[in-house]
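# next one to model:
(one chain, ligands or ions: 1)
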Amino acid sequence: MFDQHTGSKKGVGGSSPGCPLHGGSETSASMLSPCIPHTDIHVPTEFRQCLEDSGLKQSLAAVLLVLSLGGAPDVRQPASKAEPPLRTKEVSLLDIVHRPSDPFQQFPESFPLQVAVFWTNPGPDPESPLALVHCLKEMGIPFFVTRVLGQALRHRLVILYPSVDSHTFTQPQADQLTTFVRQGGYIFAQNVFWGGMQSLFGFRSFAASRGRYHIAFSTTTDPVMKYLNRPEEREVSLGSDRFPEVTWSNGYVADPGAEVLAQFDDGTAALLTNSIGKGRVYLLGLSLLDVVLRSQNDRDYEAQRHYVNAFEPGADVWLLILRAWYENYGEDWVRLATIPGGQRSALLLSHDVDWENSFAPCLDFARIERANQASSTLFIQTKYVDDANSQRFFFEPNLETLRQLKSGGSTIGSHSIIHSRGFNKFALGSGHEGYPSYQPRGLGFDTASGATVFGEVRVSKELLDGEIPGQDTIFFRAGHLRVPQSLPEALERSGYQFDSSFTDDDVLSNFPFALPRNFGFEEDSKIYEFPVTIEDEESPGFAKRVPQALEVILANAENGAVSVVLIHSNESHEKGAAEQHLLRQLPADIIKTDMVTFATFWRARDHLQWRMAATSMPAQVVLHAKSDDSVTGITFEFQRRIATVTGGATLSQDGHHVVLPKLEAGRSVSLGIHYLH
Ligand SMILES: [Zn+2]
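The predicted structure is shown next:
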């Protein structure tokens with residue numbers, strides 16, 4: 001578990017002097033407050049190990065510093081005569097624009113197929129429905145949010161969120177809910193505490209605790225378990241047992257008539273289902289805020305079973321349960337697919353370029369990818385200063401190599417300037433950092449001077465945009481995957497759109513997601529996160545792990561999730577051959593693409609507004625869609641088999657997927673869908 005992942009992280013980094021992959025746990029430890037009250041007692045093993053070997057690294061760093069500074073007149077000058085100053089393009093400092101905070105306004109009712117989210121606690125100190133919004137939006141399930149029970153109960157599927165206690169409903173409302181289920185309605189609820197609803201939800205008692213660490217799903221034929229087929233999906237963790245307490249859970253004791261679908265380690269029910277009349281309810285003894293949003297924020301109690309390179313669906317299982325619930329009980333359901341073009345999954349390729357000799361090999365990778373109908377995104381360290389970690393290398397001919405790659409179709413992101421292992425502890429900065437006055441220096445293992453989060457993010461963009469024609473840097477990846485709490489703000493205010501600084505395993509999520517502001521629980525930033533699934537440096541090296549990588553990619557493909565591959569470009573011979581080997585083994589329904597292209601699709605998908613409308617003919621419906629951004633490949637999945645579709649859309653061979661024509665920004669399309677009888 002944790003020691004294993006620490007061990008693996010200690011083992012990486014040998015081959016590329018610039019960038020051992022790292023990250024994760026220390027970040028969460030440093031941002032625990034206020035929701036996790038363990039900051040003072042929690043020193044993760046990894047962090048201790050960093051402290052232990054920092055002495056060695058620091059003496060090594062001192063030697064390097066002497067070597068690099070010896071004889072140099074003044075490293076603060078941007079360049080010698082032979083080396084002209086770098087060109088920059090101005091990066092504006094943007095204001096944070098808050099979305100409407102009222103979820104009723106943000107997610108209005110527009111068609112009968114929508115799941116009704118009945119928000120149970122909009123009082124003076126409400127819990128935002130953000131965690132549930134993440135689940136439903138990532139799964140492409142249509143929904144609206146309401147406080148009007150009658151409006152909710154006009155829909156077949158209802159979610160009660162975030163909890164039900166004795167103040168939530170009146171007795172007549174409780175009777176209304178029971179009648180709704182009896183007549184064929186379906187309710188999904190979490191944390192029902194009210195005795196007045198015991199018989200509807202099928203429990204006798206419950207006990208709250210912070211001492212439950214594991215959940216095992218039952219062997220059952222219940223349809224909500226449809227996507228949980230792999231061993232990693234049959235059991236999940238709520239936190240490492242190194243913590244005396246983890247997240248709150250409510251263990252239920254089920255009525256004899258109810259079925260337990262998942263159990264905590266103390267034998268109480270974590271998920272149960274109860275049928276009443278023609279309908280059915282599901283009850284979860286956990287909060288999606290804790291098992292999904294907290295994990296995505298990397299503020300979980302180290303619930304991950306690995307750090308990288310393994311399949312870890314610990315947060316995804318809850319999204320997949322909701323998807324299966326919707327697909328089983330929705331009537332003629334329609335879902336916005338996660339992957340463009342009617343495909344099953346996507347492999348997103350990236351290279352980190354963080355060493356002086358890492359530029360030229362990118363040309364080999366680009367050639368290999370072109371030959372295999374793939375492309376990649378290059379994350380460039382814009383190192384223009386000499387410091388304890390390395391000499392500068394953001395100059396010619398490396399810049400010319402980047403221009404060549406860009407004009408050949410590679411996409412480019414930022415990999416910071418000094419690539420510091422202490423990035424997660426940097427201050428935000430002023431937002432007015434610029435080249436050449438911004439002069440950060442790595443001093444030792446994880447220390448730096450003159451460096452800020454804004455500086456690393458903004459000045460690297462200034463330089464990439466200035467030196468590479470046509471470049472607009474919108475994707476960021478932190479050095480060593482170290483994430484400061486201010487990263488979403490620094491990225492958003494500097495005009496970025498996407499980040500890839502976490503690992504899938506660490507955030508227990510294999511779907512892209514919106515990064516919440518300040519890694520909180522209230523509001524999303526405009527930045528989307530694409531965590532790293534597979535990297536190249538963990539022992540015994542990527543070339544020897546291709547079958548293992550392929551298995552993780554296939555596990556994600558089964559769920560419609562994506563896989564992000566990171567290969568450092570410090571050499572292209574062995575790693576290039578391994579990449580080609582992987583690409584050639586991929587099933588044809590897994591797209592091979594670069595991160596910018598897919599992320600741009602994902603952002604447009606997340607912003608898409610859509611609704612279904614009935615017609616006077618029972619076998620004909622109309623799909624209305626409007627996109628904020630220009631986008632191709634938007635795909636909808638239909639429960640019913642389709643005979644024909646109009647409006648320039650394409651129907652898949654299986655008759656269940658419709659691929660929309662290219663959508664222009666701000667324009668609406670309407671497609672006539674004719675079901676097969
Ligand atoms: Zn790196």
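
# for Ser218, see how far away Arg204 is.
To Ser218, Arg204 is 18 Å away according to CB to CB, to the nearest Å. All C-beta atoms are positioned from the backbone trio N, CA, C, and that covers glycine.

# who has more neighbours, these two?
The neighbour comparison of Arg204 against Ser218 (other CB atoms under 10 Å) goes to Ser218, with 16 against 12.

# nearest residue to that one other than its sequence neighbours?
Nearest residue to Ser218 in three dimensions, chain neighbours excluded: Leu261, at 5.4 Å (CB to CB, 6 or more residues apart in numbering).

# before we move on, what about Ser209?
Ser249 (6.0 Å).

# give the contact list for the one you found.
Ala208, Ser209, Arg210, Arg212, Leu238, Phe264, Ala270, Gly285, Leu286 (CB atoms under 8 Å, 6 or more residues apart in numbering).

# same deal with Asp316?
Taking CB under 8 Å, 6+ apart, one finds Glu233, Leu508, Ser509, Asn510, Phe511, Asn559, Ala561 in contact with Asp316.

# pull up the gap between the residue in the stretch 551-677 of the chain positioned nearest to the ion and Glu369, please.
The minimum distance from the stretch 551-677 of the chain to the ion, using CB to the ion, falls at His568 (7.0 Å). Look at His568 and Glu369: by CB to CB, they are 15 Å apart.

# so for those two, which sits in the more crowded spot?
His568 (27 against 23).

# the closest residue to the ion within the stretch 251-400 of the chain: how many residues sit nearby?
Proximity of the stretch 251-400 of the chain to the ion (CB to the ion) peaks at Asp354, 3.8 Å away. Here the number of neighbours of Asp354 (other CB under 10 Å) works out to 26.

# so it makes contact with His419?
Yes - with contact defined as CB atoms under 8 Å, Asp354 reaches His419; the gap is 5.5 Å.

# domain map for the chain?
By the record's domain assignment, the chain is partitioned as 48-71+339-603, 104-336, 608-675 (automatic domain parsing).

# those into CSV, with extra columns for mean pLDDT?
Output for those, formatted as CSV (pLDDT from 0 to 100):
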stretch, mean pLDDT
domain 48-71+339-603, 92
domain 104-336, 96
domain 608-675, 97
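
# so Asn229 sits against Glu558, correct?
Yes - counting by CB under 8 Å, Glu558 is a contact partner of Asn229 at 7.2 Å.

# quick check: closest non-adjacent residue to Gly633.
Of all residues not flanking Gly633 in the chain, Pro340 sits nearest, at 2.9 Å (CB to CB, 6+ apart).

# what's the local residue count around that neighbour?
Neighbour tally, Pro340, other CB under 10 Å: 22.

# and it, backbone torsions?
Here is the backbone geometry of Pro340 (degrees, to the nearest 10): phi -70, psi 160.

# so it touches Ile591, yeah?
Yes - between Pro340 and Ile591 a contact is recorded at 7.2 Å, counting by CB under 8 Å.

# returning to what we had before: next up, phi/psi of the residue of the stretch 551-677 of the chain closest to the ion, please.
His568 has phi and psi values of phi -70, psi 140 when expressed as degrees, to the nearest 10.

# now do the contacts for Arg640.
Arg640 sits next to Asp332, His656, Tyr675, Leu676 when contact means CB under 8 Å, 6+ apart.

# please name the bridge partners of the closest residue to the second one other than its chain neighbours.
Yep, that's His656 we're talking about. Nearest residue to His656 in three dimensions, chain neighbours excluded: Phe638, at 5.3 Å (CB to CB, 6+ apart). Phe638 has these beta-bridge partners by DSSP bridges: Val334.

# ok, Phe638 touching Asp654?
No - applying CB under 8 Å, one finds Phe638 not in contact with Asp654, separated by 10.0 Å.

# of the two, who's got more company?
Neighbour count, other CB under 10 Å: between Phe638 and Asp654, Phe638 has more, with 22 against 10.
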